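*Asks:* using only what follows, build the 3D model:
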Amino acid sequence: MKRYLIRYGIILAVTSNLLGATSEPQSQVSLTQGSSGTWKSEWLGVAGRTYFYQWSSDLVTWQYAPYVAFGNGGHVYYMAS
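*Replies:* The predicted model follows:
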């Protein structure tokens, strides 16, 4: 998995309500290698936040994945490497 994280990067861009005084901390994203070169990423969302999934093959140029998640609860996204 370390080799994957060196060659490829994943970012969860998070937006939140700027009017709130205190922001709840964000949990870590868990990456699990699946079969046939796939990866499963999962995280717990925070109420009032929107999550945009981004990926990069060189850690310089970033692309948005066709995925948007909203609010609290568990979120999961699968991606081929």
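*Asks:* just name the shakiest helix or strand of the protein by mean pLDDT.
*Replies:* helix 2-7 (a mean of 44; mean pLDDT, DSSP states H and E).
*Asks:* strands of the chain, residue ranges please.
*Replies:* For the chain, the strands defined by DSSP state E cover 9-15, 30-33, 38-45, 50-56, 63-70, 73-80.
*Asks:* okay, those strands in a markdown table with distance to Glu24 next?
*Replies:* From N, CA and C alone the C-beta is placed, and that goes for glycine too. Listed next are those as a markdown table, based on distance: least, C-beta to C-beta, whole Å:
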| stretch | distance to Glu24 |
| --- | --- |
| strand 9-15 | 11 |
| strand 30-33 | 18 |
| strand 38-45 | 10 |
| strand 50-56 | 14 |
| strand 63-70 | 15 |
| strand 73-80 | 13 |
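*Asks:* Ser23 is nearest to which of those strands?
*Replies:* strand 9-15 (9.6 Å; C-beta to C-beta).
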